[in-house]
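# Pasting the sequence and the predicted model now:
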Amino acid sequence: MDRLNLHLLSDSTGETLEHIGKAAIAQFENVETIRHFWPMVRSEQHLQRILEEVARNPGMVLFTLANQALRKKLENGCRALGIPFVAPLDPVTDAMSNLLGQETRNRPGRKHVLDDAYFARIDAIQFTIAHDDGVGWENWEEADIVLAGVSRTSKTPTSIYLANRGYKTANIPLVPESPPPPSLFTLRHPMVVGLTTSPERLVQIRRNRLLTLNQAPETAYVDLDRVNGEVAHARRLFADQGWAVIDVTRRSIEETAAAIVQLYQERLKGVAEGIGSSASL
């Protein structure tokens, strides 16, 4: 299997690059893609730190930078490192410029109007980062969504993805030996969603994680019997609480997030109509 480090640099939220990168990668088979996401790149100092990271993890750079000075610095840096770089919007904007007879207005993030929705998204991102991995449980009631699941069920990346869509998201790992805070079971505003996966797949993911950290690959953390117990414990908890459950075994982060958003919207509709709902996907 080929491996690709894909660096996505944007002077705004980076949603456009995410979609472009995903669509392009889908055209190839047997490629392990490691995405390095760099939004809000608007200073030379920030760009320099990114170039240092690109040097440590060479691959390919996709970017949307309107600031010509930053763009030139990025292009020169990539050339010096021998790393390919692409500005995927250039052909489209050039064609439109020729057709319309107008020069483009190079303003960072111009397509993202600084309206209430924009600031709500930034607020959601800040909230989500501050409530990762069980932190800040005292004010989980302010969240829109709370994700619960055993370690390595994609809670953090799914939370960040949801935050970029404007949903305040908290997440907590479920560990049999360490019960979650009681407030998890009394939440009224947030929708709590349980994430589960197959024990065999979980063992594989955890073992790969240990290898990337240069830690011993055979520990209780990857013992199949123990992992079976963790997953069973979490599933019993989900059933007892009547939470919606999503199996992430064969889902990408985007697919999991889309399923959660669908459940959230159905919940809002149900609340408006005075109907409760639960689901398992």
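Arrived safely, thanks for sending.

# Could you list the low-confidence segments of the protein?
For the chain, the stretches with pLDDT under 70 are 1, 104-116, 272-281.

# Show me what the lengthiest helix in it is packed against.
Longest helix in the chain by number of residues, with DSSP state H as the criterion: helix 253-273. Judged by 3 or more CB pairs under 8 Å, 6 or more residues apart in numbering; DSSP states H and E, helix 253-273 is in contact with strand 145-149, helix 155-164, strand 191-196, strand 244-247. Every residue, glycine included, has its C-beta placed from N, CA and C.

# Which positions within the last one qualify as buried?
Going by neighbour count (16 or more other CB atoms under 10 Å), the buried part of strand 244-247 is Ala244, Val245, Ile246, Asp247.

# and what of stretch 20-33?
Those would be Ile20, Gly21, Thr33, for stretch 20-33 by 16+ other CB under 10 Å.

# could those residues go into a markdown table alongside secondary structure and distance to Asn228?
Converted to a markdown table, the buried residues of stretch 20-33 look like this (DSSP: H, G, I helix; E, B strand; the rest coil; distance: CB to CB, whole Å):
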| residue | secondary structure | distance to Asn228 |
| --- | --- | --- |
| Ile20 | helix | 40 |
| Gly21 | helix | 36 |
| Thr33 | strand | 30 |
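
# Going by distance to Asn214, which of the residues you listed wins?
Thr33 (22.1 Å; CB to CB).

# Can you give me the separation between Lys269 and Glu103?
The gap separating Lys269 from Glu103 is 46 Å, by CB to CB, to the nearest Å.

# What of Phe37?
Separation of Phe37 from Glu103 (CB to CB): 30 Å.

# With neighbour numbers in mind, choose between the two.
Neighbour totals were compared for Phe37 and Glu103, and Phe37 leads with 15 against 7 (other CB atoms under 10 Å).

# how many neighbours does the nearest residue to the more buried one once chain neighbours are set aside have?
Spatial nearest neighbour of Phe37, excluding adjacent residues (CB to CB, 6 or more residues apart in numbering): Leu8 at 5.3 Å. Residues lying near Leu8 (other CB under 10 Å) number 20.
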